[in-house]
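Student: Okay, structure incoming, though there's no sequence with it:
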């Protein structure tokens, strides 16, 4: 499984960005897909996930009501729509994948999101 994340950049507080993750090697509906982030000086943290089977989504409390995870099976893509961005959302965001009931073993390169106040 290969993952490529893109779409990061600079946004102002209150603004929006959409991150994309292109998957190859397996279809996104056969994997649990997740987004994680690592802020400067902090450990990598869970942001959002979408189950391969059924498409149930999960969001970290810190982003509920602001972020949405979705996927496009036809394009084999997963997205993270980020609205009402806050400076504390500044981080490198990673796309990750796992087979059901396994660890997240597949990671894309990070994409930097910077939110200015």
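Tutor: Received it, and whenever you're ready, just let me know what you need. Source: prediction; values computed, not measured.
Student: Could you list the paired strands of whatever helix or strand residue 94 lives in along with their orientation?
Tutor: Applying DSSP states H and E as the criterion places residue 94 in strand 91-98. As defined by DSSP bridges, the strand partners of strand 91-98 come to strand 32-38 (antiparallel), strand 106-107 (antiparallel), strand 111-116 (antiparallel).
Student: My guess is residue 50 contacts residue 72. True?
Tutor: No: look at residue 50 against residue 72 with CB atoms under 8 Å: they stay out of range, at 11.3 Å. C-beta here means a position set from N, CA and C on the backbone, and glycine is covered the same way.
Student: Between those two, tell me which one has more neighbours.
Tutor: residue 50 (24 against 12; other CB atoms under 10 Å).
Student: give me the beta-bridge partners of that one?
Tutor: The residues that residue 50 bridges to, once DSSP bridges is applied, are residue 33, residue 57.
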